[in-house]
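1. Kindly generate the corresponding structure for this input.
(one chain, ligands or ions: 1)
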Amino acid sequence: METDKPAEGSKPAAPGTDPAAPDSATTPETPDDSAASAPHPVPSLGDVLLAAEELWPASLAEGWDAVGLVAGRPSRPVERILFAVDPTAEVIDEALEWGADLLLTHHPLFLKPVHSVAGTGFKGDAVHRLIEGGCALLTVHTNGDSAVGGVSDVLADAFGLRDVVPLVPAEDGLPEEGIGRVGDLRDATTLADFAKLVFSIMPAVAGGVRVAGDPHGLVRRVAVCGGAGDSLFDAVRRHQADVYVTADLRHHPASEAREAAVNGRPYLIDVSHFGSEWLWLTPAANALENVLTDQGFAAEIRISGTNTDPWDFVLTPGLN
Ligand SMILES: [Zn+2]
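-> Okay, the predicted model is just below:
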């Protein structure tokens, strides 16, 4: 996995421009040696939508979600695709400055129905800027979570988990599709060492990583859910996980999960929501590039370098 992490303290920083940016998910870097080969055609937005549907079927999205095409005409050519977690103004700046024809984000710009996209608000302004800049917007959210190779699969892989299954299987999907993942580390390790591994994998964000539990306690069975996962505690307990890695753990769900813990487990590791999902972007971009290449298309794909974690700094006891 690439480690072009958004740098802490460099909010508009550009991890996509640092070491791992020129990876296989970005500019195709393997010129075809065959002199006879013709240049690959540029896909239309419609072609890209079909490829995306193959990887992240909209039917896998949760009922409350809003995935799919937000802006753009399917007939338009797509030469450049930017992957990002959030369609913030800064990310849109980045997309337009690069000349992206498509911005693919994990989070929806619009989760609730709207009656206006007037440019008087930041969301309407985003729509206007994208359309005026010739850049489409596509959301791959809980369908990207649930699919094979989804956000939690990427985390499970990064943590080295084995025998991974969904925490909550998809209702109408394959057995390996669903929300969250649970699996086993090859060797039991202490909670402190596992937390250090998690920290080392996450992009640097101001909030760091928070841990609840005995640092010396041993963990082997690990549950993960990229993004906010505090609705999945029942599944985490059902799978008898020793530790649960997720984001946005609020006081009451976390506190009650600790009160209900058996032998202190499941321990909790609370990571950045943005960070947990940012890790998915590169494998997702690689997957899309592979599908497009298999279909004879070529598009330039880049991972956003913008850190859209909303927090900028943190004060902790003993350090201030
Ligand atoms: Zn999320």
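2. What is the burial count for the residue in the chain positioned nearest to the ion?
-> Closest contact between the chain and the ion, by Cβ to the ion, is at residue 227 (3.3 Å). (Glycine included, C-beta is placed from N, CA and C.) If you count neighbours by other Cβ atoms under 10 Å, residue 227 ends up with 23.
3. Quickly run through the sheet partners of the one helix or strand it maps to, with directions.
-> Assigned by DSSP states H and E, residue 227 belongs to strand 218-228. Counting by DSSP bridges, the strands paired with strand 218-228 are strand 178-190 (antiparallel), strand 243-247 (parallel).
4. residues of the longest one that come out buried?
-> Judged by neighbour count using 16 or more other Cβ atoms under 10 Å, the buried positions of strand 178-190 are 178, 179, 180, 181, 182, 183, 184, 185, 189.
5. so the first one bridges to which residues?
-> So that's residue 178. residue 169.
6. Could you report the distance from it to residue 97?
-> 37 Å (Cβ to Cβ, to the nearest Å).
7. How about the second one?
-> In this view, residue 179 and residue 97 are 35 Å apart by Cβ to Cβ.
8. Same question for the third one.
-> As for residue 180, its distance to residue 97 is 36 Å (criterion: Cβ to Cβ).
9. same thing with residue 111?
-> Residue 111 is 26 Å from residue 97, by Cβ to Cβ.
10. what does residue 49 give?
-> 24 Å.
11. Return the residues of the chain in contact with the ion.
-> The chain comes close to the ion at residues 227, 277, as judged by Cβ under 5 Å from the ion.
12. Grab the longest helix from the chain for me.
-> When the chain is scanned for its longest helix (criterion: DSSP state H), the result is helix 273-294.
13. buried sites along it?
-> The neighbour-count check on helix 273-294 (16+ other Cβ under 10 Å) flags 273-289, 291-292 as buried.
14. got the angle between it and strand 218-228?
-> Counting by axes from the mean of the first three to the mean of the last three Cα atoms, to 10 degrees, helix 273-294 lies at 80 degrees to strand 218-228.
15. From the contact counts, what lies against helix 273-294?
-> On a contact count with 3 or more Cβ pairs under 8 Å, 6 or more residues apart in numbering; DSSP states H and E, helix 273-294 meets helix 45-55, strand 80-84, helix 151-159, strand 218-228, strand 243-247, strand 300-303.
16. go again using 7 Å as the cut-off
-> Where contact means 3 or more Cβ pairs under 7 Å, 6 or more residues apart in numbering; DSSP states H and E, helix 273-294 is packed against helix 45-55, strand 80-84, helix 151-159, strand 218-228, strand 300-303.
17. Next SSE downstream of the first one?
-> Using DSSP H and E, the helix or strand that directly follows helix 45-55 along the chain is strand 68-71.
18. That following strand pairs with which strands?
-> In the sheet, strand 68-71 lines up against strand 136-139 (antiparallel) (DSSP bridges).
19. export the partner strand as PDB, just CAs?
-> Output of strand 136-139 as PDB, limited to C-alpha atoms (Å, rounded to 0.1, in the frame of the first residue of the first chain):
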ATOM      1  CA  ALA A 136     -18.100  15.800 -13.200                       C
ATOM      2  CA  LEU A 137     -18.700  14.600  -9.600                       C
ATOM      3  CA  LEU A 138     -19.300  10.900  -8.700                       C
ATOM      4  CA  THR A 139     -20.000   9.600  -5.200                       C
END
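20. mean confidence for it?
-> Average pLDDT, strand 136-139: 98.
21. what does stretch 286-299 give?
-> 97.
22. neighbouring contacts of that stretch?
-> 24-25, 28, 40-43, 47, 51-52, 54-55, 78-81, 149, 301 (Cβ atoms under 7 Å, 6 or more residues apart in numbering).
23. Let's see that with 8 Å instead.
-> The contact list for stretch 286-299 (Cβ atoms under 8 Å, 6 or more residues apart in numbering) reads 24-25, 28, 39-43, 47-48, 51-52, 54-55, 78-81, 104, 149, 301.
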